[in-house]
Every structure is written in C-alpha cells, then in structure tokens.
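**Q** quick one, fold the following:
(one chain, ligands or ions: 1)
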Amino acid sequence: MAELQFLGAAQQVTGSCYLLETESLGRTLLDCGMHQGGDAVDRLQEESFPFDPASIDNLILSHAHLDHSGLIPLLVSRGFSGTIYCTPGTLKLLPIMFNDAAGLYERDLKHENRRRQRKGQKPLKPIYTKKDVETAIELCRPVPYGKDWPVGKTGKASLRFLDAGHILGAAITELTFPEDGSDKKLVFSGDLGKKVAVLMNEPATVASADLLLMEGTYGNRNHRSMPDTLQQFEDILRESWKRKGNILIPSFAVGRTQEVLFHLGQLHHAGKLDPWQVYLDSPMAIAVTDVYDECLHVLDRQDAAKIREMHKGSLKNCLPNLEYVDTPEESMALNDIKHGAIIIAGSGMCTGGRIRHHLKERVWNPKNTVMFVGFQAAGTLGRILVDGAKDIRLFGEEVIVKAKIETLNGFSAHADQGELVDWLLQVQGKPRVMLVHGELSALDILSMKLWREHRLATESPYIGQRIFF
Ligand SMILES: [Zn+2]
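**A** Numbering: from 1, shown residues only. As a prediction, this is how the structure comes out:
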C-alpha cells in the first residue's frame, strides 16, 4: 500500500506539503511550502519538519509560489539532497523567489538580533543561508509539460506535468507507480488557474486517477466574469483619478503583477486610461516580468501575440509611463507624489515587502485606494484590510484606515467553484478525491455541491492525517 500524509495546505491555504511513501519511489514530497501570516522571523525560527529531511528521496514541486516552494532552502539546510522535479518555467522563477525571500529573512533576522542584543538576549542563528538556496537550485531537474519522465531509484515510476494555467510554469502532477501488483496513479492539481485568464492557458484536463488531490481555494464561490472585472477595474481607476488620489495594488510578484500590467496596457491602448504614472516597486516583480517576457512561447498564444505586436515583445513596454523602481531610496521618493500614482508592490497579502511602507504613508487618506487583486489568506494584513478594519498597526504605529478598499476577485489566478467542479468531472476512473488548499468553510461548500449535484464523494483531510491507497 502507498501512504500519503497531509502536512500542510490541508483545511487551510498556505504551507502546501504532502508526503508520499511507496516502494518504487521511496519517500517523495509534493511541494514544500511556507506558511504565510505573522512575523516571518518568528515563523521561520519555529519551523520544523515532522520527518527527517535527509530521508526524503524526491521532491515534486507544483509551482514557484512560496506557499508551495518556500521551505525548500530550509529542507536543504536540514539535510535534504534528493532530486527536485519542476517545470523549466518554475526553475527560471525559483532563484528569484528564493534569493528575495532569503534576503528579506537575513535583513529581518539582523534587525531581530539587534533588538535581542539590546535586551541582553542571545542572538538567533540563521536557519538557512543563501548557500542553501544555491544548493536547492542545483538539485532541480526541469521536466517539460506533457513528457513522461522516469522518477525514483527503481525507474519504474513516472511523472508527467501538465499546464495548470495558474502562473508561469505551474503544473498539474500525474504520478504513476507500481504498487501491490498494479499501476497506481496519483494526481495533484497544484493551484489550478481559471479557464479565461490573460497570459495563461486554460488548465489541462486529466484523463484518469486513482487518488486525486484537488485544490479548493475558491470552492465556495464563483468569480465575477472577466468583462465585469475589467469594467470594475476601469471604474475604480476612473473614480480614483477623479478623487485626485493614488492607488496601491498589493501584488504577488509572480503572475498577478504581469496580469495587471497587461490589463493596464490594454486600457492604455484602447485610450481608456487616464494619465496615471505606474510604478512597479518591487525588484522581484521586475525580475519576474523579464522572465515572463523570455517565456512568451509557453504563455497563452493570443496574449503573447498581442505583447509581440503592440508592446515590442515586452510587458515593460506595455505602458509609456511605467517606471521600474529598484532601490529603497527610489521607493521612498514615491511618498512625495501627491496624486496620479499607481504603485504596484509586494507582498500580495501585505505580509511584508514595500507595500507595508506605502500603506503606512497612504492608507489613512480617504483620497487613496487600495486595490486587492488576489486571494487574502486568514491572518494576513491584506485579509484584515479586506475584512474592513478601521485601524491597523504598521511598524509599531497605529494607522487609521480611510482609503477606499477594493477587491477584484475576478483577477484571481485560481479556478472558481464552477471551474473546479468542471475540471473534476472530466477525470475518469472514479478516483478517491481529497480536497486540499482551501479553508475548511470553502472546502465544505464545494464538497456539499459535488455530493448533492453529482453524487461525488470527497474528503477534506486534516493536517497530519495519513491515508493508504
Ligand atoms: Zn500559487
């Protein structure tokens, strides 16, 4: 019997990690993600694996987002030396993601240690370093979409990645291995994209599975349609311009930033964009945008063609007044702008990064708008703002919230309820379905819908649960 243990993103959204044990594959991790929310140093210092990292033979990574990949450098620092399988697109993004996270961690740890020194406490030792990041990248083996790839020591198991349509390089994993005299197929959806999304392809369909892990981030609701979302986007931009305000867009560096730039470019091209000055205030998002430009050939064909024709093959050229903001000094200089700035900065859930400085500078002013364009996990500052907090704490200071808080869920990089149901219904072979990567309230609603309308039974495993199949 193969055994699968749910170690993260079970009845919750972040920290994606599942441990598979089979004879032919050995011990294989699916994802090794970071939990989000709270203080990064505290969270990382307390991070521990419920297994010996040195005992893991393989790691199959669905995509580069840190809630799926962020603990890989720590895994390496604690002794992991197996193979990491991911797509070529993911491998292009990982060094950018890891080095950025390691840089932030180093900086925060230094700050924390100075604080501890002042209190007469012992300094904390770093739990991983940039050397571990380098080693992690060396362990990666790129596997292109659609190819059957041998995996594991016995050579009897095979892996196939399919395009999940979520961000560049995101994959659905199909893993086939012999167990108890027959072939077993495990499918892990990773994060599934929407059917209609700019830059991304529609998620690939899966023919069959014995065990299926499907994400359910938006299991409880459907997104607004893309035309409605674009209208909402346009309306918010126009109203904010009239109010003589500025717009802050907390944005994931990977995927959402490029999508927002593309939409702004389209609006500009159609003559529908007021003369905003757009600032991409994130060295990581800038580097990732360059990677997207390099990888146009794997993105949605029509959108890639538009970028080639209208924007000289580069998202950077999609707006005449787009400025890349690199240094912290340049970022701070944005504080002096009174009106007309759209500032796109990370992190997407406001858990860190430059967006927190911009919030402190601007969220108290009713002229300004904070536009959320992605899912906000429970416990994050982004979620607190979306839930209507009247005041927040930033850098030890209380700041009142007077800016307009807007949420555009239609820009989500995740499939909605209807799309998840459709995706699942086309899988043959009557798989055992485990719903993961969703808050329990969302998974319950999805599960109920699947049972009532399609007589399809599902389970929502809890953290630590083991199943045999
Ligand atoms: Zn993701």
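
**Q** wait, doesn't Asp224 sit right on Gln231?
**A** I think there's a mix-up here, since residue 224 is Arg and not Asp. No - using C-beta atoms under 8 Å as the test, Arg224 is too far from Gln231 to be in contact (9.1 Å). Glycine gets a C-beta too; all of them are placed from N, C-alpha and C.

**Q** neighbour count winner among the two?
**A** Arg224 (16 against 13; other C-beta atoms under 10 Å).

**Q** which SS state does that one fall under?
**A** The assignment at Arg224 comes out as coil when based on DSSP: H, G, I helix; E, B strand; the rest coil.

**Q** that one and the ion, how far apart?
**A** Look at Arg224 and the ion: by C-beta to the ion, to the nearest Å, they are 20 Å apart.

**Q** per-residue confidence for that residue?
**A** pLDDT for Arg224: 87.

**Q** do the one 10 residues further on as well
**A** Glu234 carries a pLDDT score of 95 in this model.

**Q** what's the answer for the one 4 residues further on, then?
**A** Arg238 is assigned a predicted lDDT (pLDDT) of 95.

**Q** now it: closest residue in space, sequence neighbours ignored.
**A** Distances taken as C-beta to C-beta, 6 or more residues apart in numbering place Asp274 nearest to Arg238, at 6.8 Å, with adjacent residues excluded.

**Q** is it fair to say that neighbour lies in a strand?
**A** No - in this structure, Asp274 is coil, not part of a strand, as judged by three-state DSSP.

**Q** the stretch 51-200 of the chain: helices as residue ranges?
**A** 66-69, 72-77, 88-118, 130-138 (DSSP state H, counting those that start in this stretch).

**Q** what's the longest strand in the protein?
**A** strand 171-179 (DSSP state E).

**Q** now that one, how far from the centre of its chain.
**A** Centroid separation between strand 171-179 and its chain, computed with C-alpha atoms, centre = their mean, to the nearest Å, is 22 Å.

**Q** strands of the stretch 201-350 of the chain, residue ranges please.
**A** Using DSSP state E, counting those that start in this stretch, the strands of the stretch 201-350 of the chain run over residues 211-215, 247-250, 277-280, 322-324, 341-345.

**Q** can you give me the end-to-end span of stretch 18-35?
**A** 14 Å (C-alpha to C-alpha, to the nearest Å).

**Q** per the record, what domains does the chain have?
**A** 3-221+413-468, 226-411 (automatic domain parsing).

**Q** turn the ones you listed into TSV, including distance to the ion.
**A** Formatted as TSV, the domains of the chain follow (distance: least, C-beta to the ion, whole Å):
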stretch	distance to the ion
domain 3-221+413-468	4
domain 226-411	8
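
**Q** buried residues in stretch 420-440, which are they?
**A** 420-421, 423-424, 427, 431, 433-440 (16 or more other C-beta atoms under 10 Å).

**Q** between those residues, which is nearest Leu30?
**A** Of all those, Val436 has the smallest distance to Leu30: 9.8 Å, by C-beta to C-beta.

**Q** relative to Ser240, how far out is the closest one?
**A** Separation of Val436 from Ser240 (C-beta to C-beta, to the nearest Å) stands at 37 Å.

**Q** and if you look at Ser412?
**A** Applying C-beta to C-beta to Ser412 and Ser240 gives a distance of 21 Å.

**Q** what is the closest residue to Cys140 other than its chain neighbours paired to in the beta sheet?
**A** Nearest residue to Cys140, sequence neighbours excluded (C-beta to C-beta, 6+ apart): Ile84, at 4.5 Å. When assigned by DSSP bridges, Ile84 has beta-bridge partners Leu59, Cys140.

**Q** please identify the helix or strand for Val399.
**A** Following DSSP states H and E, one finds Val399 within strand 397-400.

**Q** elements contacting that strand?
**A** Contacts defined by 3 or more C-beta pairs under 8 Å, 6 or more residues apart in numbering; DSSP states H and E place strand 397-400 against helix 355-362, strand 391-394.

**Q** and for the first one, what's in contact with it?
**A** In this case it means helix 355-362. Applying C-beta atoms under 8 Å, 6 or more residues apart in numbering, the contact partners of helix 355-362 are 246, 248, 250, 281, 331-332, 334-335, 343, 345-347, 350, 368, 370, 381, 392, 394-395, 397, 399, 403.

**Q** gap between the very next helix or strand once past that helix and the chain center?
**A** Going down the chain from helix 355-362, the next helix or strand is strand 369-372, by DSSP H and E. With C-alpha atoms, centre = their mean as the basis, strand 369-372 stands 19 Å off its chain's centre.

**Q** circling back: just name the most buried of the helices and strands packed on strand 397-400.
**A** For the helices and strands packed on strand 397-400, the largest average neighbour count (mean count of other C-beta atoms under 10 Å) is found in helix 355-362, namely a mean of 22.

**Q** quick check: mean pLDDT of that one?
**A** 96.

**Q** got it, and stretch 170-182?
**A** Across stretch 170-182, the per-residue pLDDT values average to 95.

**Q** and if you look at stretch 41-55?
**A** Mean predicted lDDT for stretch 41-55 stands at 86.

**Q** can you list contacts of it?
**A** So stretch 41-55 is contacted by 7, 19, 27, 34-35, 37, 71, 74-76, 78-81, 105, 108-109, 112, 124, 127, 464 (C-beta under 8 Å, 6+ apart).

**Q** for it, measure first residue to last.
**A** One end of stretch 41-55 to the other measures 26 Å (C-alpha to C-alpha).

**Q** what bridges to the closest residue to Gln465 other than its chain neighbours?
**A** Using C-beta to C-beta, 6+ apart and skipping residues adjacent in sequence, the residue nearest Gln465 is Phe6, 5.1 Å away. Applying DSSP bridges to Phe6 gives these bridge partners: Tyr18.

**Q** okay then, goodbye and thanks.
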